[in-house]
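Colleague: Just need the structure, nothing else, for what follows:
(chains A, B, C and D)
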Protein chains: 2
Amino acid sequence: MTAVRAVGEPVDVRRSARRVPPATVSRLPLYLRALAAFAADGVSTTSSSTLAAAAGVGSAQLRKDLSFLGSHGTRGVGYDVANLSRHLTVALGLTSQRHVVIVGVGHLGHALANYSGLAGRNFSVVGLVDADPRVVGTTVAGLEVQPADRLGRVVAASGATIAVIATPAEVAQDVCDAAVAAGVTGVLNFAPCSLRVPPEVDLRVVDLGSELQILAFHDSRKADAGA
Amino acid sequence: MTAVRAVGEPVDVRRSARRVPPATVSRLPLYLRALAAFAADGVSTTSSSTLAAAAGVGSAQLRKDLSFLGSHGTRGVGYDVANLSRHLTVALGLTSQRHVVIVGVGHLGHALANYSGLAGRNFSVVGLVDADPRVVGTTVAGLEVQPADRLGRVVAASGATIAVIATPAEVAQDVCDAAVAAGVTGVLNFAPCSLRVPPEVDLRVVDLGSELQILAFHDSRKADAGA
DNA sequence: TAGATTGTTAATCGATTAACAATC
DNA sequence: TAGATTGTTAATCGATTAACAATC
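Modeller: As a prediction, this is how the structure comes out:
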């Protein structure tokens, strides 16, 4: 179905909030990280080709991606590192704190809770939850691990909007449902299973097994080619 | 540029080795996992819509994906679970063992070394390497952790083709270079930095920080819409 | 001004989706 | 045969890339 629109009537371009394609959104963190490295090295200006190389993409793609956020460079000169960082940070919504709850405090949950890249980036882990009575009550990354059945209360009390699921596959869907019911709007799933969430909830998946199998695919084709 | 081809001359269709698009390859593990769950439940036949639902994709996409691997279903009936599993396993190159070396045995490396999804799927972790002298010599997941400067020898001796990098960002590129020099053909990078590898080496990236920032992006747009 | 580099356009490419003929 | 479901085609959609006019 195509929306009817009178000729000359403007397309939906709300000021500074034009639609950013998903593929572009997924690369913005790479640019932000590369910019942070430049800033740490005392570099104050960069070009699309330099920044793109640092982020591992093409310069045309970088400029195209940035163009969705507006025009923040200077022709003939390049980009101001601090200024572009600021714009990317705003575009990604990283200006206000995001509260994160981690469900499942095994080795992986442990690693995530201690991940240093969070605090500095306006993410704060506000709750840890586990079903294992031997883990509940222990302190990890400065937080006391709560029993699994309190997940809903932990989310509600902390105002967490993001749940990270690092549980076994068997309980992942139940945990996810509970987190969503308690109000999270984003879920990051490390459990090796597919999860169903309502359309308004954003779901990202990290699956070690799949990644390795994809590597195996290419690996085997190389072996074939070499044979 | 379009290749000139005489009318009636066959397109490049080498028997059972046609080109599989990357997007399709990345979904094959999902299908394989869903099929394994069906088999565990005693289900012996399935349809594209049932399997697609279990994998979290559309049925048209599933059929399109499978069509790149050949024709393994029966019209009017569906797919035999065991048979399709076998074909997917072969297509992904999971019939021969892949040897994996994990570099960096912090919490994350620990979690990966103990990940149960590996052994059952023809992956075997054959080496652990770390730079921290307090970690070197300890036993993790049944393996003794080797010092970092032995990475090359560990790869060569074990015949590992895949390196998993779970080190701090600062040393990730050096570690990666060493692993590639020693002969790995696939790299899975968990370090929060971009890596450069030669074109013949396959690189996959898992970046927790990026995933959270992408969730934050959608989160903030919801907050705006609600405000 | 001359050189450099952005922001944008247009062309290409690949991925997704819907529809349906083939066929069990 | 009638109903069901695949495998494939064609249409749509989105992403990437190259080229270049705008402009510092």
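Colleague: Can you pull the domain assignment for chain A?
Modeller: A:22-91, A:98-210 (automatic domain parsing).
Colleague: Just name the most buried of the ones you listed.
Modeller: Between the domains of chain A, domain A:98-210 has the highest mean count of neighbours, a mean of 19, where neighbours are mean count of other CB atoms under 10 Å in any protein chain shown. C-beta coordinates here come from the backbone N, C-alpha and C atoms, glycine included.
Colleague: Residue A:36 - nearest residue in space that isn't next to it in sequence?
Modeller: With CB to CB, 6 or more residues apart in numbering or on different chains as the criterion, residue A:36 has its nearest non-adjacent residue at 6.9 Å, and that residue is residue A:85.
Colleague: my read: the one you found touches residue A:35, true?
Modeller: Yes: here residue A:85 lies in contact with residue A:35, judged by CB atoms under 8 Å, at a distance of 4.6 Å.
Colleague: Need the nearest residue in space to residue A:123, chain neighbours excluded.
Modeller: Distances taken as CB to CB, 6+ apart place residue A:98 nearest to residue A:123, at 5.1 Å, with adjacent residues excluded.
Colleague: Quick check: that neighbour vs residue B:29, distance?
Modeller: When CB to CB, to the nearest Å is the yardstick, residue A:98 and residue B:29 sit 29 Å from each other.
Colleague: same check, this time on residue A:92
Modeller: To residue B:29, residue A:92 is 29 Å away according to CB to CB.
Colleague: which secondary element of chain A has the worst mean pLDDT?
Modeller: Of the helices and strands making up chain A, the lowest-confidence element is helix A:116-119, at a mean of 79, by mean pLDDT, DSSP states H and E.
Colleague: hmm, who's touching it?
Modeller: Taking contacts as CB atoms under 8 Å, 6 or more residues apart in numbering or on different chains, the residues outside helix A:116-119 that touch it are A:100, A:124, A:125, B:192, B:208, B:209, B:212.
Colleague: moving C-terminal of the helix or strand hosting the second one, what's the next helix or strand?
Modeller: Secondary structure assigned from DSSP states H and E places residue A:124 in strand A:123-130. Taking DSSP H and E as the definition, the helix or strand that follows strand A:123-130 towards the C-terminus is strand A:139-140.
Colleague: And chain B, is the following helix or strand past that following strand touching that?
Modeller: Helices and strands here follow DSSP H and E; after strand A:139-140, the next one along the chain is strand A:143-144. No: taking CB under 8 Å from any CB of the partner chain as the criterion, strand A:143-144 and chain B are apart, separated by no less than 15.0 Å.
Colleague: on that earlier part again, quick check: phi and psi on the residue nearest to residue A:36?
Modeller: Residue A:85 has phi and psi values of phi -60, psi -50 when expressed as degrees, to the nearest 10.
Colleague: Quick one: residues contacting residue A:51.
Modeller: Counting by CB under 8 Å, 6+ apart, the residues that residue A:51 touches are A:31, A:34, A:35, A:38, A:62, A:79.
Colleague: Can you pull out the low-pLDDT segments for chain A?
Modeller: A:1-18, A:226-227 (pLDDT under 70).
Colleague: Next, the contact list for residue A:136, please.
Modeller: For residue A:136, the contacting residues are A:130, A:145, A:146, A:147, taking CB under 8 Å, 6+ apart as the criterion.
Colleague: Distance-wise, check it relative to residue A:146.
Modeller: With the distance defined as CB to CB, residue A:136 ends up 7 Å from residue A:146.
Colleague: which residues do those two both contact?
Modeller: With contacts taken as CB under 8 Å, 6+ apart, residue A:136 and residue A:146 have residue A:130 as neighbours in common.
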